[in-house]
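Q: Predicted model follows, preceded by the sequence.
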Amino acid sequence: MKICKTIADMRAASRAARHSEKRLGFVPTMGALHEGHLSLVRAAKAKCDVVAVSIFVNPLQFGPGEDLAKYPRTFEPDRELLEKEDVDTLFAPTPEEMYPARAVTYVTVEGLGEKLCGRSRPGHFRGVTTVVAKLFHIVEPDMAFFGQKDAAQATIVRRMVRDLNLPVEIVVCPIVREPDGLATSSRNAYLNPQDRKSALALNRALSEVKSRFDQGERNASSLIATGKQMLTREIGVHPDYLEIVDPATLDPVREVTSSALVAVAAFVGKTRLIDNILLNP
Ligand code: PAF
């Protein structure tokens with residue numbers, strides 16, 4: 001696996017892939033890799049000839065008081081995992097390499113960026129779309145792979161790609177869960193054993209909403225109330241939001257008459273976790 005620390009090196013590697021007419025797949029990550037990331041890498045390997053992964057903890061998507069400083073940085077184990085998956089190129093730039101001094105240019109997906117996590121994390125999605133646009137320009141992939149766990153992120157990135165006519169196909173892969181149902185996340189590493197148990201409330205709340213839906217309930221307020229009840233019942237879990245939205249616009253729906261996304265974010269102790277499920281009538 002070739003490790004590129006500079007933009008110039010990464011550009012040279014992807015140029016070489018394109019010269020040999022290879023389909024280039026790209027998995028952007030912030031490292032602290034888990035099975036969720038590896039499922040994206042495997043999907044990229046299955047669909048593309050050459051796979052590049054980036055590891056970059058993007059300061060721009062963390063707000064003041066968030067976990068930028070303590071975000072897990074596990075480069076060596078991550079590198080080993082990617083070697084095992086037979087990844088071709090690892091792009092691991094420094095913040096100084098990615099952001100020229102006094103950079104003032106951002107990519108904003110207006111409207112969508114303020115919904116769901118964007119409401120409680122102002123500027124978060126602007127940080128995501130700015131870095132993803134930059135990564136797409138540097139790596140120039142044919143396909144890029146994102147996880148359904150960050151459903152709003154996937155919707156917003158798709159919209160950016162459409163609006164800016166970026167020549168990359170976005171592939172969204174299913175959520176990977178631990179055997180007990182907890183969605184895999186780099187932030188699960190923060191959970192102490194008690195929080196780890198309490199964190200199951202997110203998936204339980206979503207499953208309860210889904211089962212009420214499967215029994216015929218279509219009213220979003222009533223479904224949301226069911227989910228919130230499950231969340232607040234668990235000591236140490238403080239819901240940020242539980243919403244039912246249109247997966248394309250992220251606007252709340254009143255009645256679930258077409259495919260809808262149930263998205264939840266909650267603090268478990270000090271750790272903010274997210275999860276979601278799709279309802280298909
Ligand atoms: O999903 C993530 O890990 C990040 O938001 C991403 C897409 C790598 C951008 O920093």
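A: Nice, I can see it. Numbers count the residues shown, from 1 in each chain.

Q: Run through the helices of this protein in chain order.
A: Counting by DSSP state H, the chain has helices at residues 7-19, 35-47, 75-84, 95-98, 117-120, 124-139, 151-163, 193-198, 200-214, 220-233.

Q: Could you dump those into CSV with mean neighbour count, distance to Val253 and mean pLDDT added?
A: Where C-beta positions appear, they are placed from N, C-alpha and C, glycine not excepted. Conversion of these to CSV gives the following (neighbours: other CB atoms under 10 Å; distance: least, CB to CB, whole Å; pLDDT from 0 to 100):
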stretch, mean neighbour count, distance to Val253, mean pLDDT
helix 7-19, 16, 40, 95
helix 35-47, 19, 27, 98
helix 75-84, 15, 38, 98
helix 95-98, 14, 37, 98
helix 117-120, 17, 17, 95
helix 124-139, 22, 21, 98
helix 151-163, 21, 14, 98
helix 193-198, 15, 29, 97
helix 200-214, 19, 12, 98
helix 220-233, 17, 5, 97
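
Q: and the ligand, which of these is closest to it?
A: helix 124-139 (4.7 Å; CB to the nearest ligand atom).

Q: before we move on, back to that, nearest to Asp246, of the helices of the chain?
A: helix 151-163 (9.4 Å; CB to CB).

Q: which bits of the stretch 101-250 of the chain sit near the ligand?
A: Val128, Val131, Val132, Asp150, Gln153 (CB under 6 Å from any ligand atom).

Q: Need the max-distance pair from these.
A: The widest separation within these (CB to CB) is 13.5 Å, between Val131 and Asp150.

Q: any idea how this protein splits into domains?
A: What automatic domain parsing lists as the domains of the chain is 2-173, 186-276.

Q: Redo the ones you listed as CSV? Include distance to Asp180.
A: Formatted as CSV, the domains of the chain follow (distance: least, CB to CB, whole Å):
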stretch, distance to Asp180
domain 2-173, 14
domain 186-276, 6
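
Q: Please report how far the closest residue to Ser259 other than its chain neighbours lies from Lys2.
A: Spatially, and ignoring its direct neighbours in sequence, Ser259 is nearest to Asn280 (5.2 Å; CB to CB, 6 or more residues apart in numbering). Per CB to CB, to the nearest Å, Asn280 is found 42 Å from Lys2.

Q: These two: which has the busier surroundings?
A: Lys2 (14 against 8; other CB atoms under 10 Å).

Q: neighbours around Ser185, how many?
A: Residues near Ser185, counting by other CB under 10 Å, number 24.

Q: is it true that it touches His34?
A: Yes - the criterion here is CB atoms under 8 Å, and Ser185 meets it with His34 at 7.3 Å.

Q: Quick check: neighbours shared by these two?
A: Both Ser185 and His34 lack any common contact, where contact means CB atoms under 8 Å, 6 or more residues apart in numbering.

Q: ok, and what's touching stretch 222-239?
A: Contacts for stretch 222-239 (CB under 8 Å, 6+ apart): 194-195, 198-199, 201-202, 204-206, 208-209, 212-213, 217, 242-244, 256, 262, 264-269.
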